[in-house]
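Colleague: Sequence first, then the predicted structure:
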Amino acid sequence: MSVKLNPDEKIVEIIKEGLKKTGGYCPCVRVQNEDTKCMCKEFREQIKDPNFEGFCHCMLYYKSKD
């Protein structure tokens, strides 16, 4: 298992800029709490699943099964 940044540098740039504006909270959601602080709770729970492979909600991170 590995977690990496999205290979699309433009998406990474846009999301990182959004994270700066929100103080580290996912720029893709309106609610700002500990569950939406990057790396969000939703993705942390997804990466615990050995069968999950894919992007986090905002497309910043990608988890592969390799």
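Modeller: Structure's in. What do you need?
Colleague: Okay, strands next: where are they in this structure?
Modeller: For the chain, the strands identified by DSSP state E occupy 2-5, 54-55, 61-64, in order along the chain.
Colleague: for the helix of greatest length in the chain, packing partners?
Modeller: Residue-count comparison of every helix in the chain, with assignments taken from DSSP state H, identifies helix 9-22 as the longest. Using 3 or more Cβ pairs under 8 Å, 6 or more residues apart in numbering; DSSP states H and E as the contact criterion, no helix or strand is in contact with helix 9-22. Where C-beta positions appear, they are placed from N, C-alpha and C, glycine not excepted.
Colleague: List the contacts of that helix.
Modeller: Outside of helix 9-22, the residues within contact range by Cβ atoms under 8 Å, 6 or more residues apart in numbering are 5-6, 25-28, 32, 38, 58-60.
Colleague: Quick one: which of the residues you listed has the lowest pLDDT value?
Modeller: Looking at the contacts of helix 9-22, model confidence by pLDDT dips furthest at C28: 89.
Colleague: quick one: contacts for that one?
Modeller: 18, 57-58.
Colleague: Out of these, grab the one that's most surrounded.
Modeller: With neighbours set by other Cβ atoms under 10 Å, the maximum within these is found at C58, which has 20 neighbours.
Colleague: Apart from its chain neighbours, what residue comes closest to it?
Modeller: Counting by Cβ to Cβ, 6 or more residues apart in numbering, the nearest residue to C58 once its immediate chain neighbours are dropped is C28, at 4.2 Å.
Colleague: C26 too?
Modeller: Here the nearest residue to C26 in space, its sequence neighbours aside, is T36; by Cβ to Cβ, 6+ apart that works out to 4.7 Å.
Colleague: State the pLDDT value of that neighbour.
Modeller: pLDDT, T36: 97.
Colleague: roughly how far apart are it and L19?
Modeller: Separation of T36 from L19 (Cβ to Cβ, to the nearest Å) stands at 11 Å.
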